[in-house]
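> from the sequence below, what's the structure:
(one chain, ligands or ions: 2)
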Amino acid sequence: MKIVIVRRISQVFFFVVFLWFCIVSSLGTEWWRLRGWPVNWFLQLDPLVALGTVLTTGTLYSGLSWALAVLVLTVLFGRFFCGWVCPFGSIHHFVGYLGRRGKPLSRSLELNRPHAGQAVKYYVLLFLLCAASGVLAARILRLVFDTPPIFLALAAVTIVAAVLTVRGLRSNRRKAYGIFLLMLGFWTAAAFVIPLEQVIRSSLQSGLLDPIPLVYRSVNLVLLPLLDSSTRTLFVGQRYYEGAWLIGAVFLVAVLLNLKTPRFYCRYVCPLGALYGVLARLSLWKIGRVADECTNCRLCEANCEGACEPAGRIRVPECVLCMNCLDECRHDVIAYRTAPSASGEVLVPDMSRRGFVLAGVSGLAVIPLVRLGGGMSHSWNPEVIRPPGALSEADFIARCLKCGQCMRVCPTNVVQPCGLQAGLEGLWTPVLDFRIGTSGCQYNCTACSHVCPTAALRPISLDEKLGRGGFAGKGPIRIGTAFVDHGRCLPWAMDKPCIVCQENCPVSPKAIFVREHFATVRDGVVEVKSAEPLSIRIGGTVLKPGRYAAGDHYLKVSSEPEHQRRRIVANGEYTVSLSPEHRFAELPAAGTRVEIQVRLQRPQVDLERCTGCGVCEHECPVTGRRAIRVTAENESRTRKKSLLL
Ligand code: SF4
Ligand code: SF4
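Ligands and ions are numbered 1, 2, ... in the order given. All right, here's what the predicted structure looks like:
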């Protein structure tokens, strides 16, 4: 069988497996639903996920063994993942093929010519890794230089060496080394004066462009909800995701660009491809020319997916092992073997020193700059409510891949991709929006915490979530607190009876309790014309028939004590009927003033019981801006937001 056929089978196989894992990431009782399927397997295969989390957290990621296996295979065989496994790569490959079909050879050759822009993906990788590594680097500097004399001597030597290097030597490379040493000296000096780990910040932003989280996010939050909107096989109702248009637009643009340039994303943007490219230089097996009998037909280059010039000096970091060159070569001049290419090899990515420094420095600087806004500390946004099990915000941002697995698995659709509410760093991380979901966070559910691949949402048990059993001492996990808006709440602001939030509160005993209050309705002070034991006739005001018949209204003789009220069961324009147990013992005389009062049960939130599940907010009949809303105050993942004094 031809090698390209084997490659196509492999691509289709992994793509179908990936789709299957996305489809089964929904709760339900059918055999194919989430029942031990390794739905995060592709994320675990991704070494950029492993590397990113190691840099941001200093801890090893649980899926590391799979990622290590991929790294070892890359060192043996080159970028096999890009050409044979990556589901996003397979989409690019297929769409690129469609775009290339029927084009003349000269045009295909032009499209597949190596381009300086292919270096951009290495800068992207460096930028993302530097953005992730600030804290770790600062910690290491502090660790090394916690002994002041050694540190001072080292800093001085570094700076002197740097100055001498830059001044004394003309070659650019030496100058670059000098500048590097100078920067190192500066940072080591800074580390002595200021605690760098408090200045340098880092966060995991690789998920924005890493193809595996990107394709998970796009399929989970855009493609499957769109496809399922008519069939309703995966979910009972339509799924909604806030800002899904942007996620869809990024995906669509990345895919459509292949019509212009094959594998555009892989060649120019993909940081994972760049990581494999850096490692590919070490690979044992490589594509290359075996001899000089090449007729220069260039068929191999016309079909090359990586734009790596297989017939010339092959750019090893760019080769995605599509094997099209092997297949196309009529003279067997191209081979995949351990010996170097007869026409030479380019082993290092084509990056400029200036670009390298710029990407690295801006990567290190971007997170501290973004955090100057204070969104992560003092001016945190109370509307950012994280799912149960979320780590403290900085640790959460250091782990969240923005893969959307938690959003997909949530049965109530309440977990949503964040816009800019949590700052730039928080884009597409999960937040709860109780207006969009079909309910609040379910009392008996911990699904999102168990599907998260990086433990940004750590796995929690139901006992822990509800504060039962061994967790009784700690109490339930609170994701926020409900606040009643007295300006919008019907019983508070409009004298309308309503206890929807209290009735729906799932906590036991309920976190919402009510305070009874009787208020005289507008134009509700009337005069008695005549009275019978169970009804009175009034004069002056005309009542709307049936308006006071719901059982929430009472009649009170103005001169009688506060508690002496009679429940109204019906009313006409001039009559008010009373409940039999509230008959008049002594009939009021004509001209007596009586008041029609409404019984209000005004909701109050018990701070110690409210978990912030948001069911009250979801059910509130004030459907625009709800009259009871959950904010992140008092969430249990951080003491900083505590309300209990
Ligand atoms: S625990 Fe709450 S937020 Fe998480 S999946 Fe279940 S219902 Fe959704
Ligand atoms: S919190 Fe959600 S979006 Fe972030 S890594 Fe975990 S599952 Fe993915």
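> just name the shakiest helix or strand of this protein by mean pLDDT.
Confidence across the helices and strands of the chain bottoms out at helix 196-199, with a mean of 60, counting by mean pLDDT, DSSP states H and E.
> how is the protein divided into domains?
Per the record, the chain has its domains at 3-125+208-346, 514-603, by the TED database.
> and ligand 2, is the first one touching that?
Which is domain 3-125+208-346. No - contact of domain 3-125+208-346 with ligand 2 (C-beta under 6 Å from any ligand atom) is absent, the minimum separation being 7.3 Å. From N, CA and C alone the C-beta is placed, and that goes for glycine too.
> endpoints of that domain, how far apart?
End-to-end distance of domain 3-125+208-346 (C-alpha to C-alpha, to the nearest Å): 24 Å.
> next, Ala570: phi, psi?
Main-chain dihedrals, Ala570, degrees, to the nearest 10: phi -160, psi 160.
> again with Arg337
phi -160, psi 180.
> contact partners for the residue nearest to it when sequence neighbours are not counted?
Excluding its sequence neighbours, the residue lying closest to Arg337 (C-beta to C-beta, 6 or more residues apart in numbering) is Trp285, at 6.4 Å. Contact analysis of Trp285 by C-beta atoms under 8 Å, 6 or more residues apart in numbering lists Leu76, Phe77, Gly78, Tyr336, Arg337, Thr338.
> cross-check the contact I'm expecting between Ser507 and Gly614.
Careful, residue 507 is Val and not Ser. No - when contacts are counted by C-beta atoms under 8 Å, Val507 is not listed as touching Gly614 (11.9 Å).
> which one of the two has more residues nearby?
Legend: neighbour count by other C-beta atoms under 10 Å for Val507 and Gly614, higher for Gly614 (26 against 17).
> what about the contacts of Trp285, which are in helices?
Mapping these onto helices (DSSP state H) picks out Leu76, Phe77.
> just the buried residues of the contacts of Trp285.
With burial judged by 16 or more other C-beta atoms under 10 Å, the buried subset of these is Phe77, Gly78, Tyr336.
> JSON lines for those residues, including distance to Asn413 and pLDDT?
Below are those laid out as JSON lines (distance: C-beta to C-beta, whole Å; pLDDT from 0 to 100):
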{"residue": "Phe77", "distance to Asn413": "42", "pLDDT": "95"}
{"residue": "Gly78", "distance to Asn413": "42", "pLDDT": "94"}
{"residue": "Tyr336", "distance to Asn413": "47", "pLDDT": "93"}
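> could you pull out the helices in the stretch 451-600 of the chain for me?
Assigned by DSSP state H, counting those that start in this stretch, the stretch 451-600 of the chain shows helices spanning 462-466, 490-493, 500-504.
> mind checking how far Val49 is from Asp210?
Using C-beta to C-beta, to the nearest Å, Val49 is found at 7 Å from Asp210.
> for His582, same thing?
Distance, His582 to Asp210, using C-beta to C-beta: 70 Å.
> with neighbour numbers in mind, choose between these two.
The residue with more neighbours, out of His582 and Asp210, is Asp210; 29 against 16, by other C-beta under 10 Å.
> residues contacting that one?
By C-beta under 8 Å, 6+ apart, Asp210 lies in contact with Asp46, Leu48, Val49, Gly52, Pro271, Leu272, Leu401.
> what does stretch 263-274 rub up against?
46-48, 79, 81-82, 86, 88-89, 92-93, 96, 115, 117-118, 120-122, 124-125, 128, 206, 209-212, 254, 257-258, 261, 305-307, 318, 320, 349.
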